[in-house]
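Student: The amino acid sequence is not available; the structure is as follows:
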C-alpha cells in the first residue's frame, strides 16, 4: 500500500512500489492527462511536478512520490486559468495535442524559476520535450505571452 | 467572457454518438438543433492535428448561417451514409468535404426557412436568416432556429440550394480557435490511449525481434506468475489465402499476446516470456485492394541497410520500367555538350506519432465495439467484418482524437489485432504498443534512391531531363510532375526491390522524397546554367504553360509559378540585406496544393541552423487561416527535422533505432525562430494542407546547406555528412 498526494488529494493505493508514477496516474487513478510517449525519459510527454520540480513520471518510481506533493496537468490550476493555459489557448498552440500537457508542465517550472525567459532559456529548458507536429515556434511564443500574463496578474 | 472553446468543451460528450438529455432535432446527418436553439455540428472526419474538428464544422456553420460562438461541435459516429467517406489522408479532408458540407448547411437553412414560412403563412422568399435567427421583415416576426427545428425535420431535403458567394463568407476565412483547445491544455481524456471501459484489460503483442522472423514456440510459465497477468496466448492475424484490402498491412501474422490488468504489469511480464524465434520462408500476400487482385511474394531473409544500399546500386544500373517519355532523350543526351548526373538517397522513416498505436476492442459472439485513433474507419471495417465474420452493421467503430497519424493510422492492423485479442480473451481489452513496438513494427516510409540527369547544349540550354528512381519496395517517381512538360526530351523510369520490411503512407508519400531529390537537382542545375534557382524554375514553368510538352502534366504552371513569385517577394530574395543568410529555395506541387519555401541558414556554434523560413502556399480558399499557418509552420519544422535527422536502419532484420534515444527527432533549439507563412489569395475551392508544405522543405534545406557549407547534400539524413564535415 502506498499513500500519495496528487493534486492536493490523498490516495491510498495497492500498487507495487516499483511501478512508474506515470502508470499509477494513468491506469490506477485515471488521471490520463499525463501521457505515455517513450517510457525512457526522452520525450517529455509524461512530465509532472514532484514537490514543484519537473520529473519524467515514466521513469519515476511511485515509491519516490510517497509523502511528496505531486501535481499533474489536471491540477495545474483550479480554474483552468494558469497563465500558460491561457496563453496556449490564446495562440492556439496545439496541433494533435498529445505532447502539450507535458510541454505545459515543463514550461510551468521554467516560468516559476525565470519570470522573463529568453528564446534561448526556453530552448534550453524545453529541450527534453518533443513535439512531432512541430509546434515549437508557437510554444515559445506562448511561454513569452504567459510570462507577460503572469507579470500583469502580479501587478494588477 | 465565455468563448466558444469553453462552451463546446463543457458540452462535448465523451462518447461520440451519445445524445444529450435534451431533445435534438436532426436536420441532417451533420446538424442537430434543440428547442432552445443550441446548434450542434458533427465533424465527420478523424482529427489528428490537422484541425478538421474545427475547420469542417466552420463550413457547415457558414452556410447554415449561425453564430459560430454558440455552435457545439462533436465528433461524429462512423456512419458513411450520413457523414460521407470519413477518412483522413491524402490531404483530402477539406477537398472532399467542402461541397457536401456547404450543401448540408445551406439545405438545412432552407428547410428551416420553409418550415418557418409555413408556420407564419408567409412566402418562403420573404423569410431571411441571420446568426441562427429567422425573420419576416414585413410582419416584424422573428424566431430562433430552435423554435422551428422540429418542424424543419419534416421538410423534404431540398436539392440544388444556392450556396454563398465567397465574398459573403463570415466564418470561413476567419481564424477560429481549436474547439478542443481547452480539453488539450487541461489534460482531459481525448485520445485512444486515454479511453477507459468497464472491465477493460490491457493487451500487448510480443513482436518478433526482426522482420523475417516469427515465433516457433514459447514458454509463458514465468509470465503467468507475474502480478496482474490474466492470460498469454497466440493467434493468427489473417488465415492463409486471406485477401488483403489496400490498407491491410500484415507485418507479423502470428501474434503472441500478453493480457493483464494494467499497462505496466503487462510490460513487465512480457520480459519474462521465453520465446524461440525462427525465420519465415517466402510468404504469399494476396492483395485485392484498389480494384485489382495481385499476388505479392514477400521474400524471406534478414535484411540489413548495408545490403539494401548495395542492392540499390546494383538495380540502379539495370534497365528499368519506362514511366514516361517525351521527344528523344537518348539522342539529346548523346549530343549534349554537358551532362550533369546526381544520385540522391533517403532512408526508411518511422512515423513516430507521439501517441503509440493502440485500440480498444470489445468483441462478443454477435457484435464488436472498437474505440480509438484511426484515420479511415471505412477502410478497416470491411476487413474486420471478414476477419470476425460479423456483418458491418454489428461493428461499431468510434473515432477518438489521434496523437498524430502522418499516414500510419490509415493502416488499421492494430485495430484488427485488438479485435482478435478481445474475442480470444473474451473480455474488453485495449491493445497498447510500447514506443519500441511502434518504432520497430514497420509500415515505414520506404527507402528511396533516384538518379537525375540533365543534358545541356553548348549555350547551356536544358535540352533533356532524365530521372530513374527506385526503392525498397517501391520507387517514388511521379512521372507527370514538373519538370515533365517543361523539357522537350524527357524520360522517367522506375524500379523496385521486394522486401519483408513493411511500408506505408508517410506524410506526402513519394513526394517527400521526390521534392528533396528533384529540388536539390534543379538547384545544382541552375548553378551550372548560371541562373538564379527561382528564375530557372519560373522559365521552365513559363515553357510548360505556353507550349507544354507531352500529355497528362499534373500541375497548373501558373499556380506553381505563383507560389515561387510570392516567396521570392516575401523573402526579399534579391534584397542585399539578406546576404548574411545562406538561403535555400524549393517548391513542389502535390496533393492538389502548391508550396514554395525559402529557408535561411546561419552558423550557430559551428553548425548550420535554419533560423527563419518563408513559405508561400496556394491551397485555394483558406478556411481557417491561423490554424492553416500553424500547420505549415509545423510541416516546415517536421521537414527540417526529418531531412537532417530522420532515418531508420536495419541490421539482420531488426530495426536499429527502437526509441527516441536512438531515433533523433527535431527539438526546440533546432526549430527556426520564425516562419512566415503567406497564402495566395483566390476563390478556388480549398485543397489540402497536411501534406503539401512538407516535401519541399527537404530540398530547401539541402540547398541552404550547400550555400552554408559549399558541399552538396545527396544522402539523407544530412546530419551524417555534417558530422563528417565537422571532423574534417
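Tutor: Nice, thanks for sending it over. Everything numeric in this text was worked out from a predicted model, so none of it was measured.
Student: which sections of the chain are below the confidence cut-off?
Tutor: Here I'm looking at chain A. A:156 (pLDDT under 70).
Student: Can you look at chain B instead?
Tutor: Low-confidence segments of chain B (pLDDT under 70): B:1-22.
Student: for it, what's the longest helix?
Tutor: In terms of residue count, the longest helix belonging to chain B (DSSP state H) is helix B:93-120.
Student: other SSEs contacting the helix or strand following that helix?
Tutor: Proceeding N to C from helix B:93-120, the next assigned helix or strand is strand B:127-130, under DSSP states H and E. Packing partners of strand B:127-130 (3 or more CB pairs under 8 Å, 6 or more residues apart in numbering or on different chains; DSSP states H and E): helix B:93-120, strand B:133-136. (Each C-beta comes from the backbone N, C-alpha and C, glycine too.)
Student: hmm, who's touching strand B:127-130?
Tutor: B:65, B:109, B:112-113, B:116-117, B:120, B:134-137, B:145 (CB atoms under 8 Å, 6 or more residues apart in numbering or on different chains).
Student: ok, 10 Å please
Tutor: Contact with strand B:127-130 is made by B:64-67, B:109-110, B:112-120, B:134-137, B:141-143, B:145, B:148, B:170, as judged by CB atoms under 10 Å, 6 or more residues apart in numbering or on different chains.
Student: among those residues, which ones are buried?
Tutor: Neighbour counting by 16 or more other CB atoms under 10 Å in any protein chain shown classes B:64-67, B:109-110, B:112-118, B:120, B:134-136, B:143, B:145, B:148 among the contacts of strand B:127-130 as buried.
Student: if we can go back for a sec, any chance of the helices and strands packed on strand B:127-130 in TSV, with distance to residue B:697 too?
Tutor: Converted to TSV, these look like this (distance: least, CB to CB, whole Å):
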stretch	distance to residue B:697
helix B:93-120	21
strand B:133-136	46
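Student: Serialize those to JSON lines and add fields for distance to chain A.
Tutor: Shown next, in JSON lines, are the helices and strands packed on strand B:127-130 (distance: least, CB to the nearest CB, whole Å):
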{"stretch": "helix B:93-120", "distance to chain A": "14"}
{"stretch": "strand B:133-136", "distance to chain A": "29"}
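Student: Nearest to residue B:597, out of those?
Tutor: helix B:93-120 (21.1 Å; CB to CB).
Student: On the three-state scheme, the residue lying closest to residue B:194 once chain neighbours are set aside is what?
Tutor: In this structure, residue B:194 finds its nearest non-sequential neighbour in residue A:32, 4.0 Å apart by CB to CB, 6 or more residues apart in numbering or on different chains. Assigned by DSSP: H, G, I helix; E, B strand; the rest coil, the conformation of residue A:32 is coil.
Student: Over to residue A:32: give its phi and psi.
Tutor: Residue A:32 adopts backbone torsions of phi -100, psi 10, taken as degrees, to the nearest 10.
Student: ok, it touching residue B:183?
Tutor: No. Assessed by CB atoms under 10 Å, residue A:32 is found out of contact with residue B:183, at 11.5 Å.
Student: shared neighbours of those two, which are they?
Tutor: Both residue A:32 and residue B:183 are in contact with B:189-190, where contact means CB under 10 Å, 6+ apart.
Student: Next, count neighbours for the residue in the stretch 551-700 of chain B that chain A sits nearest to.
Tutor: Going by CB to the nearest CB, chain A is nearest to residue B:637 of the stretch 551-700 of chain B, at 2.9 Å. Residue B:637: 26 surrounding residues under other CB atoms under 10 Å in any protein chain shown.
Student: Would you enumerate the residues in contact with it?
Tutor: Applying CB under 10 Å, 6+ apart, we find residue B:637 in contact with A:131-137, B:610, B:613, B:666, B:668, B:670-672, B:675, B:697.
Student: Neighbour-wise, which one of those leads?
Tutor: residue A:131 (33 neighbours).
Student: Which single residue in the stretch 451-600 of chain B comes nearest to chain A?
Tutor: For the stretch 451-600 of chain B, CB to the nearest CB, closest residue to chain A: residue B:507, 10.4 Å.
Student: I meant chain B, not that one.
Tutor: residue B:187 (1.8 Å).
Student: does that residue count as helix, strand or coil?
Tutor: Residue B:187 ends up coil, using three-state DSSP.
Student: ok, the residue lying closest to it once chain neighbours are set aside - how many residues close by?
Tutor: Once flanking residues are discounted, residue B:187 sits nearest to residue A:33: 1.8 Å by CB to CB, 6+ apart. For residue A:33, the count of nearby residues is 26 (other CB under 10 Å).
Student: same deal with the one 4 residues further on?
Tutor: Residues lying near residue A:37 (other CB under 10 Å) number 30.
Student: list the contacts for it?
Tutor: By CB under 10 Å, 6+ apart, the residues touching residue A:37 are A:22, A:43-46, A:56, A:58, A:98-99, A:102, A:129-130, A:132, B:193, B:352-356, B:403, B:435, B:659-660.
Student: In strands, which of the contacts of residue B:637 fall?
Tutor: Within the contacts of residue B:637, residues falling in strands by DSSP state E are B:610, B:613, B:675.
Student: Spatially central residue for chain A, please.
Tutor: By CA atoms, centre = their mean, the mean C-alpha position of chain A lies nearest to residue A:105, the distance being 2.0 Å.
Student: my guess is residue B:219 meets residue B:225, correct?
Tutor: No. Using CB under 10 Å, residue B:219 makes no contact with residue B:225, being 11.8 Å away.
Student: hmm, back to that, check the ones in strands among the contacts of residue B:637 against chain A, which are close?
Tutor: B:613, B:675 (CB under 10 Å from any CB of the partner chain).
Student: mind putting the ones in strands among the contacts of residue B:637 in CSV, distance to residue B:310 included?
Tutor: As requested, these are exported to CSV (distance: CB to CB, whole Å):
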residue, distance to residue B:310
B:610, 33
B:613, 37
B:675, 39
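Student: Around the residue lying closest to residue B:428 once chain neighbours are set aside, how many other residues sit close by?
Tutor: Take residue B:428 and drop its neighbours on the chain: the residue closest to it by CB to CB, 6+ apart is residue B:362, 3.8 Å away. Using other CB under 10 Å, residue B:362 has 22 other residues around it.
Student: Surely residue B:362 is in a strand?
Tutor: Yes. Per three-state DSSP, residue B:362 lies within a strand segment.
Student: who touches it in this structure?
Tutor: Taking CB under 10 Å, 6+ apart as the test, what residue B:362 contacts is B:197-200, B:368-371, B:396, B:418-419, B:422-423, B:427-430.
Student: Bridging across strands, which residues link to it?
Tutor: For residue B:362, the beta-bridge partners under DSSP bridges are residue B:369.
Student: Show me the strands in chain A, by range?
Tutor: Going by DSSP E, chain A shows strands at A:2-6, A:9-13, A:47-50, A:53-56, A:69-71.
Student: Tell me which of these is the most buried.
Tutor: Most buried of the strands of chain A, by mean neighbour count (mean count of other CB atoms under 10 Å in any protein chain shown): strand A:47-50, with a mean of 25.
Student: Each with direction, which strands does that one pair with?
Tutor: Here strand A:47-50 has these sheet partners by DSSP bridges: strand A:53-56 (antiparallel), strand A:69-71 (antiparallel).
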